[in-house]
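S.K.: fold the following, please.
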Amino acid sequence: SQKKKSCETMARARNGSSANTKLLFAATIASISSTALGFGIAESASWSKRGLFFGTRSRLQFAQFAATTTAEVAETSQSVSLPSWEDLAARSASPEQREPVLTLYRDTNGWCPFCERVWLCIRAKNLPYRERLINLQDKPEWFKELVPTTLVPAILLHDDQQQQQQQQGETDDADASTSKPQRRLIWESLDIMKALDDAFPSTPRMVLDSPEYLEASAQGSSLTGAGVKFTYGARNATRTAQEMAELKNAFEEELDVMDQALAAHGGPFRLGPDFTGVDAEIIPSMERWRYQLPITHDMDILNGRPNMQRWFDALDAFEPYSNRVSGDAYSWAAVSSTFLKIFGGEETPKLKATIEKADAAAAQIVNNFVVAAESVTSPATAAKEAAAKLISNHEAVVNDCTNQDPKSQKHVARASDADAADAILRHVASILVSPSDDVLATARSATMAHVVQEDKHAEASLAAQTVASRVCAPRDMSAPAAILLRGVLKIVADRLDNQ
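M.R.: Residues are numbered from 1 along each chain as shown. Below is the predicted model of the structure:
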């Protein structure tokens, strides 16, 4: 009965033409090979009447048949299951985007708080935009010629496009044919926020003309100033412990003022139920302190401040912020040591210990990548974004994870086999573009036998782990996409290590 059932399954599979059917056939052969090789001549002749064989096969003939077919299936599996980057790009094609109404010039890393406030306001207004990322360590000449201050952020309003669209509906207007639309460049974050309100009056207004807004903005500036003095106060080696304590007290007082103001206005945002420009001004610095100060200063800004916690919860649920502009716990922990090296001042035993603590904190989060990925609320959307970013930048990603002389995160081990890295990343990309509703489940179950040879497992695993440790939000992609991608990479790496 068992032999009969297996052989009927194999017969159906053998006649199939799809890759999945052939894989079923190979699996069936593997599962019954020991029994099939024990078939007697009479048994083989008997089963041949049911269509499995066209004649009596000897044990040797069946063994050759099974081995040859399994090899063919393995070859077919490899070619079908590990698509090229071009195939992956075709499968991850994004829908047509709206025509951008402005260009945003911001920093490459997503660290500039002034860029972040503008970026957030643009998204809060749901304006289509294009980005030009500026390397602050090596600004291009064209940007320095374009922007008088040579600083980010800056925006270029596409007034010509807006006027052209208006003219399409005003063809009878005599002035329409003679107008000369232009593009306007604006810099300085607060000026940009006001200009966005004026240029797009039908969108939610960010900068309000009210005493409450002015007061809240001024308090936000005081809070930011006190926080900067405290967090970077240690750079001045002459500061005493008493002076540092005073700076901390001043910062704590400003945090308390904000918590009380949130309660007075009813929350959850700074001025009540709606997001405004004041929230955009404050969140960039607050986000950093939320994640970094527990590591660098043993300080939790949310401790004893329930209204501030509610404010963060509201922002975490605010799509324009959480789905692109915000960072995440790992990203801010991972860059903490970099910040300390750049802004920490003279290297001392205490600074060195803090840097090591920061790296250890980031490493601890790495161990929970999969758990974090399971909490992503819109995994399908996050998977599409992660796939698009990985596929469009795959060459740079492979080069980065195999770079033996990195400029940052030098403590993160790098792989050395670019081919193994490329293969495992294609496998990860194929998981991300799969139609599955559960990407993590697909990562756990997708076949990996065809991805890399067994002697390349260690290199492929290391490449996946390196990429997971290097993905940073919002520099590379949104926080949800980064969190999901790290989870998939960690699952794949662990599977390779356990094979």
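S.K.: can you report how many residues neighbour Met193?
M.R.: Burial measure for Met193: 21 neighbouring residues, criterion other CB atoms under 10 Å. No exception for glycine: its C-beta is placed from N, CA and C like everyone else's.
S.K.: and the gap between it and Ser221?
M.R.: Distance, Met193 to Ser221, using CB to CB, to the nearest Å: 14 Å.
S.K.: tell me who's in contact with Leu136.
M.R.: Shown in contact with Leu136 (CB atoms under 8 Å, 6 or more residues apart in numbering): Asp107, Thr108, Asn109, Cys112, Val152.
S.K.: let me know the secondary structure of it.
M.R.: Secondary structure state of Leu136, per DSSP: H, G, I helix; E, B strand; the rest coil, is coil.
S.K.: looking at it now. What's its pLDDT?
M.R.: For Leu136, the pLDDT comes out at 95.
S.K.: with Pro480 instead?
M.R.: If you check Pro480, the pLDDT there is 98.
S.K.: hang on, it packs against Ser378?
M.R.: Yes: using CB atoms under 8 Å, Pro480 is in contact with Ser378, at 6.6 Å.
S.K.: and these two? Which one has more around it.
M.R.: The neighbour count for Pro480 versus Ser378, taken as other CB under 10 Å, is higher for Pro480 (25 against 14).
S.K.: name the nearest residue to the more buried one, sequence neighbours excluded.
M.R.: Ala382 (4.2 Å; CB to CB, 6 or more residues apart in numbering).
S.K.: and the nearest residue to Leu146 once chain neighbours are set aside, backbone torsions?
M.R.: Excluding the flanking residues, the one nearest Leu146 by CB to CB, 6+ apart is Leu185, at 6.8 Å. Backbone torsions of Leu185, given as degrees, to the nearest 10, read phi -100, psi 130.
S.K.: how about the contacts made by Leu185?
M.R.: Contacts of Leu185 (CB under 8 Å, 6+ apart): Leu146, Val147, Ala154, Ile155, Leu156, Leu157.
S.K.: mind checking pLDDT for Gln64?
M.R.: For Gln64, pLDDT reads 51.
S.K.: now the strands for the stretch 101-250 of the chain?
M.R.: According to DSSP state E, counting those that start in this stretch, the stretch 101-250 of the chain carries its strands in the segments 102-107, 129-134, 154-157, 184-187.
S.K.: will you turn these into a markdown table that also has distance to Asp419?
M.R.: Below are the strands of the stretch 101-250 of the chain laid out as a markdown table (distance: least, CB to CB, whole Å):
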| stretch | distance to Asp419 |
| --- | --- |
| strand 102-107 | 34 |
| strand 129-134 | 29 |
| strand 154-157 | 42 |
| strand 184-187 | 45 |
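S.K.: OK, contacts around Tyr321?
M.R.: Leu120, Arg123, Ala124, Ile283, Leu315.
S.K.: wait, the last one sits on Ile283?
M.R.: To tie it back to what came earlier, the one meant is Leu315. Yes: the pair Leu315 / Ile283 is scored as a contact, 6.1 Å apart, by CB under 8 Å.
S.K.: what ranges of the protein fall below the confidence cut-off?
M.R.: Along the chain, the model assigns pLDDT under 70 to residues 1-81, 160-181.
S.K.: off-centre distance for the one helix or strand Gln465 maps to?
M.R.: Secondary structure from DSSP states H and E places Gln465 in helix 457-470. Put simply, helix 457-470 sits 16 Å off its chain's centre (CA atoms, centre = their mean, to the nearest Å).
S.K.: make residue 1 into 2 and carry on from there
M.R.: Shifting the count to begin at 2 puts that one at helix 458-471.
S.K.: what helices or strands is it leaning on?
M.R.: Judged by 3 or more CB pairs under 8 Å, 6 or more residues apart in numbering; DSSP states H and E, helix 458-471 is in contact with helix 350-367, helix 395-402, helix 419-433, helix 480-499.
S.K.: just to revisit the earlier point, roughly how far does the residue nearest to Leu147 sit from Ile193?
M.R.: 10 Å.
S.K.: now the common contact residues for these two.
M.R.: Joint contacts of Leu186 and Ile193 (CB under 8 Å, 6+ apart) are Ala155, Ile156.
S.K.: next, format the helices and strands packed on helix 458-471 as TSV and append distance to Asn250.
M.R.: As requested, those are arranged in TSV below (distance: least, CB to CB, whole Å):
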stretch	distance to Asn250
helix 350-367	21
helix 395-402	43
helix 419-433	48
helix 480-499	32
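S.K.: what's the closest of those helices to Lys411?
M.R.: helix 350-367 (10.3 Å; CB to CB).
S.K.: buried residues in that closest one?
M.R.: Leu352, Thr355, Ile356, Lys358, Ala359, Asp360, Ala362, Ala363, Ile366, Val367 (16 or more other CB atoms under 10 Å).
S.K.: thought the second one was touching Phe344?
M.R.: Read that as Thr355. No: look at Thr355 against Phe344 with CB under 8 Å: they stay out of range, at 11.9 Å.
S.K.: wait, which of the strands of the stretch 102-251 of the chain is closest to Ala91?
M.R.: strand 130-135 (23.3 Å).
S.K.: elements contacting that closest one?
M.R.: Packing partners of strand 130-135 (3+ CB pairs under 8 Å, 6+ apart): strand 103-108.
S.K.: got the angle for the strand it packs on vs strand 130-135?
M.R.: With axes from the mean of the first three to the mean of the last three CA atoms, to 10 degrees as the basis, strand 103-108 and strand 130-135 are set at 30 degrees to each other.
S.K.: and strand 103-108, how far from the chain's centre?
M.R.: For strand 103-108, the distance to the chain centre is 20 Å (CA atoms, centre = their mean).
S.K.: now what about it, what contacts it?
M.R.: 113, 116, 119-120, 123, 128, 130-137, 144, 148, 153-159.
S.K.: tell me the strands beside it, with direction?
M.R.: Strand 103-108 has the following sheet partners, assigned by DSSP bridges: strand 130-135 (parallel), strand 155-158 (antiparallel).
S.K.: residues of the longest one that come out buried?
M.R.: Of the residues in strand 130-135, those buried under the neighbour-count criterion (16+ other CB under 10 Å) are Tyr130, Ile135.
S.K.: now that strand: how far from the chain's centre is it?
M.R.: 17 Å.
S.K.: show me the contacts of Tyr322 that map onto helices.
M.R.: Secondary structure from DSSP state H places Leu121, Arg124, Ala125, Ile284, Leu316 of the contacts of Tyr322 in helices.
S.K.: before we move on, the earlier item: and the two most separated of the contacts of Leu137?
M.R.: Most distant of the contacts of Leu137, by CB to CB, are Asn110 and Val153, 11.0 Å apart.
S.K.: the residue nearest to Leu433 when sequence neighbours are not counted - how many residues pack around it?
M.R.: Closest residue in space to Leu433, ignoring its immediate chain neighbours: Ala388 at 3.7 Å, by CB to CB, 6+ apart. By other CB under 10 Å, the residues close to Ala388 number 27.
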